[in-house]
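K.L.:
My questions concern the predicted model and sequence given below.
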Amino acid sequence: MRKSLIGLLFVLYLSMSFLSNLKVEAGNDWCEIGVSYQAVDGLTVTLHSFQIIEKTGSYQYTITYTLENNTPDKKILEGAFKLYYRDTSGGLPQYGFFDYLYPGDSITRTYTFEELKDALFDVLEYHHDNFFSDEPLEDSLKWKVVYPDSIPPITQHDYDGAWKNSDFTITLTATDNINRIEEIYYRINEGPIKRVSVDGYPLITNESANNTLEYWSVDWAGNEELPHKILTGIKLDKTLPSISDHSRFPKDNVEPNEPVKVVVNVTDSLSGINSCLLLYRVLEARKEITIDGKLDDWKAFGLTPLGTDIEGNIRVYNPWATDLLEAWGYYSSENLYLALKVSLDYDFEYYEGWVRYYVLFDVSYENESDDLGYGMGEYLLVWSGTANIGLFEFWNGEYVRIANLMWDEHAEYHNTTDYTGCIELKIPMSYFWKGEEITNMTIRFETYDVEHKETVNTIGDYEIITEEHVWTVIPMTLNQTTMLYEAFIQIQQPNV
């Protein structure tokens, strides 16, 4: 009885010792040589050795392994190993005769694969059903195929040496003479060591003319690229240059065709100054329009309509619709002037409390920040029973009056000669977005049918304020961080 108890304890100890060394593995993790793993078929698999022998035109791949059935009551057919080509074109299976292993049985085999040198492998796999598979199975046991190799990999970067003005990544690429790359390592400005597979490519965020990048690779054979490569002079400048001490000569008003000299001092403390681009537009003193319901001063200034439309064509749509005839536009340094000539040979018509037909004028523009403005001055009532003309802006889902405009109340009366009237509007430039300088502006006039929610008459789109002129100048003096620019322009003064 005492001997039996000791024997039982001895067998139990051996079983516990074996189980402590057993790993249950099925998936994409790499297995290790000499470690036992439980395969998905229930067998315990131990790869004792994996040798690759180089021959004249081929490689021999010799494996020695043991399969064990440690289940209490199942018979399990032996699975097989398979090598998968690096170019993912399929694999080279293990051939032979395999038998069932019963509970407690084990078998140790040695098998040799052979293939030409130009057909390299990446993965050695064990599975019970992989003979016809073209790629490693998801639930199989996998080992790396590591070729005899003492040559370290080579790592390259794609940084072009130029200054960058925002955070940027440097791509690192590693190549090896025969083995796969295990990992690419790096560290920025002597910081912590990072891995590309975990941390991504190096991200340069520090403003400097001389950021550094240390980088190297290790292949599957454990060969480390030595010495580590060092990239210096990585340049990043995220701070905008500044312009100061700008002046022009003469300082006072300019006569027609008089040359003007402009001088600006441009400074950048890090990357220096590459070039200077000046934009200018002639902001001459323009005359103002008198709001009187007449086009006499417009014509006196030599202005002509932006666009015209045939009188009466709107009658085909509806005899009561507002008929646009002429659209006028003009701007001074302070105000935007608009004029509409319309047909007045009809009475008012209302729809659900609204004047049924009213005129929409749509102004789009760009300011100094190159932002596009939409919908400044949208809905404009041409006339109604009371003075109700205003500038409206679309805000939080509805149109809100933001200013009253100058208008010509005489437009409400018939012109007995040609049955036309004129509405004039004066819009201060300060009403436009952010109060910034307007660089260009276009306008469109439309008659809108409230009942049917559609546009029935249009004149536009017409440019009122033109684009700025671009003026490139050459530096007069130059050093690392500061440039003094000087150039001349000659302005042709307009007639108004």
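P.N.:
In hand now; what should we look at? Just so it is clear, the model here is predicted, and its values are computed rather than measured.

K.L.:
which residues are contacting stretch 85-103?
P.N.:
Under the criterion Cβ atoms under 8 Å, 6 or more residues apart in numbering, residues 43, 67-84, 107, 109, 111, 113, 115, 119-122, 125, 130-131, 133-135 lie in contact with stretch 85-103. Bear in mind the C-beta positions are built from the backbone N, C-alpha and C, glycine included.

K.L.:
Can you point out the buried residues in that stretch?
P.N.:
Neighbour-count burial for stretch 85-103, counted by 16 or more other Cβ atoms under 10 Å, picks out 85, 91-94, 101.

K.L.:
same check, this time on stretch 188-199
P.N.:
Of the residues in stretch 188-199, 188, 194, 196 count as buried by neighbour count, 16+ other Cβ under 10 Å.

K.L.:
Now flag whichever of the residues you listed is closest to residue 330.
P.N.:
Closest approach to residue 330 among the buried residues of stretch 188-199 (Cβ to Cβ): residue 188, at 58.5 Å.

K.L.:
Contact partners for residue 187?
P.N.:
Counted by Cβ under 8 Å, 6+ apart, residue 187 has contacts 193-194, 213-215.

K.L.:
What's the per-residue pLDDT of it here?
P.N.:
pLDDT for residue 187: 97.

K.L.:
and it, what element?
P.N.:
Applying DSSP states H and E as the criterion places residue 187 in strand 181-188.

K.L.:
neighbouring strands for that strand, and are they parallel or not?
P.N.:
Its sheet considered, strand 181-188 pairs with strand 194-195 (antiparallel), strand 208-219 (antiparallel) by DSSP bridges.

K.L.:
thinking again about what came up before, the contacts of stretch 85-103, buried ones only, as a PyMOL selection?
P.N.:
With 16+ other Cβ under 10 Å as the criterion, this PyMOL line picks the buried residues out of the contacts of stretch 85-103:
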select buried, resi 43+67+68+69+70+71+76+78+79+80+81+82+83+84+113+120+121+122+125+130+133
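
K.L.:
Tell me which of the contacts of stretch 85-103 fall in strands.
P.N.:
Assigned to strands by DSSP state E, the following of the contacts of stretch 85-103 qualify: 67-68, 76-77, 80-84, 107, 109, 111, 113, 115, 121-122, 125.

K.L.:
before we move on, back to that, turn the contacts of residue 187 into a markdown table, including pLDDT and distance to residue 141.
P.N.:
Listed next are these as a markdown table, based on pLDDT from 0 to 100; distance: Cβ to Cβ, whole Å:
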| residue | pLDDT | distance to residue 141 |
| --- | --- | --- |
| 193 | 97 | 31 |
| 194 | 97 | 31 |
| 213 | 97 | 38 |
| 214 | 97 | 37 |
| 215 | 97 | 34 |
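
K.L.:
Now the two most distant members of these.
P.N.:
Farthest pair in the contacts of residue 187 (Cβ to Cβ) is 193 and 213. Separation: 12.1 Å.

K.L.:
list residues touching both of the two?
P.N.:
Residues touching both residue 193 and residue 213 by Cβ under 8 Å, 6+ apart: 186-187.

K.L.:
picking up where we left off before, for residue 266, find the nearest of the strands paired with strand 181-188.
P.N.:
Here strand 208-219 is closest among those (Cβ to Cβ), at 18.3 Å.

K.L.:
Dump the C-alpha coordinates for the closest one into CSV.
P.N.:
Extracted in CSV, the C-alpha atoms of strand 208-219 (Å, rounded to 0.1, in the frame of the first residue of the first chain):
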residue,chain,number,x,y,z
SER,A,208,14.7,73.1,-35.0
ALA,A,209,17.2,73.3,-37.8
ASN,A,210,19.0,70.2,-36.5
ASN,A,211,16.7,67.5,-35.2
THR,A,212,18.4,64.1,-35.1
LEU,A,213,17.1,60.6,-35.8
GLU,A,214,19.0,57.5,-34.8
TYR,A,215,17.6,54.4,-36.6
TRP,A,216,18.5,50.7,-37.2
SER,A,217,17.0,47.3,-38.0
VAL,A,218,17.2,43.7,-36.8
ASP,A,219,16.4,40.7,-39.0
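
K.L.:
Other residues contacting it?
P.N.:
Contact partners of strand 208-219, identified using Cβ under 8 Å, 6+ apart, comprise 149, 152-155, 157, 159, 170, 172, 174, 176, 179-190, 202, 204, 224-226, 228-237, 270-271.

K.L.:
mean confidence score for the helix or strand residue 297 falls within?
P.N.:
Following DSSP H and E, one finds residue 297 within helix 296-300. The pLDDT scores in helix 296-300 average 85.

K.L.:
What pairs with whatever helix or strand comes next after that helix, parallel or antiparallel?
P.N.:
Using DSSP H and E, the helix or strand that follows helix 296-300 in sequence is strand 307-308. Here strand 307-308 is paired, per DSSP bridges, with strand 324-331 (antiparallel).

K.L.:
where do the helices sit along this structure?
P.N.:
When assigned using DSSP state H, the helices of the chain occupy the ranges 2-20, 196-199, 296-300.

K.L.:
hang on, the earlier thing: any of the contacts of strand 208-219 buried? List them.
P.N.:
Among the contacts of strand 208-219, the ones that count as buried by 16+ other Cβ under 10 Å are 149, 152-153, 155, 157, 159, 170, 172, 174, 176, 179-188, 202, 204, 225, 229, 231, 234-237, 270-271.

K.L.:
So which of those residues sit within strands?
P.N.:
155, 157, 172, 174, 181-188, 204, 229, 231, 234-236.

K.L.:
how long is stretch 252-268 end to end?
P.N.:
30 Å (Cα to Cα, to the nearest Å).

K.L.:
and it, which residues are buried?
P.N.:
The neighbour-count check on stretch 252-268 (16+ other Cβ under 10 Å) flags 254, 262, 264-266, 268 as buried.

K.L.:
ditto for stretch 56-63
P.N.:
Neighbour-count burial for stretch 56-63 [16+ other Cβ under 10 Å]: 59, 61, 63.

K.L.:
Could you break the protein into its assigned domains?
P.N.:
Using automatic domain parsing, the domains assigned to the chain come out as 20-144, 154-236, 242-281+470-490, 296-467.

K.L.:
just to revisit the earlier point, between the buried residues of stretch 252-268, which is closest to residue 30?
P.N.:
Distances from residue 30 to the buried residues of stretch 252-268, taken by Cβ to Cβ, are shortest for residue 268, at 51.3 Å.

K.L.:
Can you read off the pLDDT for that closest one?
P.N.:
Predicted confidence (pLDDT) for residue 268: 79.

K.L.:
And for the one 5 residues further on?
P.N.:
The predicted local confidence for residue 273 comes out at a pLDDT of 76.

K.L.:
ok, residue 63 touching residue 110?
P.N.:
Yes - if you go by Cβ atoms under 8 Å, residue 63 and residue 110 touch, sitting 7.1 Å apart.

K.L.:
Alright, calling it a day.
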